[in-house]
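**Q** Provide a 3D model corresponding to the input given below.
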Amino acid sequence: MTITSSRVTAPARSRASTYVAVLVFGVLFALLFQYRILSLLSKLGTNVAPLGTKLPIVLDLQNSPLWLRPFLSTLDYLNTVWSTTLLGLFIAGAAVTFLPHLLRHHLQGNGIGQHLAAAVLGLPNMFCTCCAATTLPGLRKAGMGLAATLSFFVAAPALNMTVIILAFQLLPLKLALARAVLGLVAAVGVPYLVVKLHPEVSAALSAQTCEVDEGKTAVSLLSAWLRATLDIARVAIPFLLVGILIVSIFKVLLPFDVIARSLGDGLAPTLLASLVGVVLMVPSYTEVLWIGEFTKQGMGTGPAAALLITLPAVSFPSLWVLARVHGSYRLAVSLGLGVLLLGVVGGLLFALI
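**A** Residues are numbered from 1 along each chain as shown. Just a heads-up that it's a prediction; the model follows:
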């Protein structure tokens, strides 16, 4: 009787683990989707209020002292993305807890297949760059290879399908195509080249081990998930906060909207737009609304196409977290420069079409 009982218990626990994982990811992604979609509908004039919306905090950025504005701008941005940042942390914790076997055995290696698979995983994730950055410690700890990590990191904000659909609805066809084509190159092509340039980081990731325990009970799995989420938050949040503050200082000194409206076509404006887009962070889908407005006010096609990909793909705070998590500033600089170059080349090409 004892032997039979033990044989039944192990599969039962494995099934419990699967059920808990499906429930956790289902709830997290449902919350993420409702927030992003309802927030977009609210921006477009629909009277809806998503769970996780901005808190009713009044921040007077225009009339506050200059030294205080970067701090208020940081608080205002955090008030916009706090819910999705938390969801990103919980999703990363869930990856560590429930998916190490999958990530280690199917998303290791640095072939084009790993890049493409991770880009596909990023399609339904409506993360901004800062939210994507919060998943990095969890993905690394869970055993995902460098190729897949970088492609997911870029694809989640730059290639997610909801924003691509929105671009085709709100932007001229040329700019919508630029958003889709450049998003694919940013999510697959740029990370592929960056991985080739940094084999030492890839080797370090491949050498790490991750524990897989499929026999845990549902309660112990939930407890492990919460602990993993807290551990990830301790790593990612401090660097994220400092990075956002630094970019807020930049935004106060050089107002982005004023710069953007004055950019016509040409190499210099496209380069400037790409540089600004790589540095700044924006909530997901915001870049489409901004560029739609800026093009009506005279922005050239080249800078518009450049901003459409550099704004969502990376930002200074997200690249800083990437560097700290992987212990390589050269890796982060290479990825940032790759996206910057893509913005310039892509912007110039689409301006000629």
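
**Q** what's the closest non-adjacent residue to residue 168?
**A** Distances taken as Cβ to Cβ, 6 or more residues apart in numbering put residue 176 closest to residue 168, at 4.3 Å, once the chain neighbours are dropped. C-beta here means a position set from N, CA and C on the backbone, and glycine is covered the same way.

**Q** neighbours around the one you found, how many?
**A** Per other Cβ atoms under 10 Å, the neighbour tally for residue 176 reads 19.

**Q** now swap in the one 4 residues further on and tell me
**A** Other residues within reach of residue 180 by the criterion other Cβ under 10 Å amount to 18.

**Q** Surely it and residue 167 touch.
**A** Yes - Residue 180 is within contact range of residue 167, at 7.1 Å (criterion: Cβ atoms under 8 Å).

**Q** For residue 13, report the pLDDT, please.
**A** With respect to pLDDT, residue 13 has a value of 58.

**Q** Could you do residue 274 as well?
**A** Listed pLDDT for residue 274 reads 95.

**Q** Residue 315 and residue 283 touch, don't they?
**A** No - assessed by Cβ under 8 Å, residue 315 is found out of contact with residue 283, at 11.1 Å.

**Q** Compare the two (neighbour count), which wins?
**A** For residue 315 versus residue 283, neighbours defined as other Cβ under 10 Å are more numerous around residue 315 (28 against 22).

**Q** List the residues that contact that one.
**A** With contacts defined as Cβ atoms under 8 Å, 6 or more residues apart in numbering, the neighbours of residue 315 are 129-130, 243, 247, 278-282.

**Q** Just among these, which is most surrounded?
**A** Tallying neighbours with other Cβ under 10 Å puts residue 129 at the head of the contacts of residue 315, with 31 neighbours.

**Q** quick one: that residue and residue 317 touch, right?
**A** Yes - look at residue 129 against residue 317 with Cβ under 8 Å: they come within range, at 7.2 Å.

**Q** Mind checking what secondary structure the residue sitting nearest the centre point of the chain has?
**A** Most central in the chain under Cα atoms, centre = their mean is residue 132, positioned 2.9 Å from the mean C-alpha point. The three-state label given to residue 132 by DSSP: H, G, I helix; E, B strand; the rest coil is helix.

**Q** Let me know whether it touches residue 157 as I believe.
**A** Yes - look at residue 132 against residue 157 with Cβ under 8 Å: they come within range, at 5.4 Å.

**Q** returning to what we had before: what helix or strand does the residue nearest to residue 168 sit in?
**A** For residue 176, the enclosing helix or strand under DSSP states H and E is helix 173-184.

**Q** Identify the residues contacting the next helix or strand after that helix?
**A** Sequence-wise, the next helix or strand downstream of helix 173-184 (DSSP H and E) is helix 190-197. The contact list for helix 190-197, computed with Cβ under 8 Å, 6+ apart, reads 110, 112, 115, 146-147, 150-151, 153-154, 202, 331, 334-335, 338-339, 342.

**Q** Restrict those to the buried ones and give me that as a PyMOL selection.
**A** Restricted to buried positions by 16 or more other Cβ atoms under 10 Å, the PyMOL selection for the contacts of helix 190-197 reads:
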select buried, resi 110+115+146+147+150+151+153+154+202+331+334+335+338+339+342
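
**Q** Understood, closing this out.
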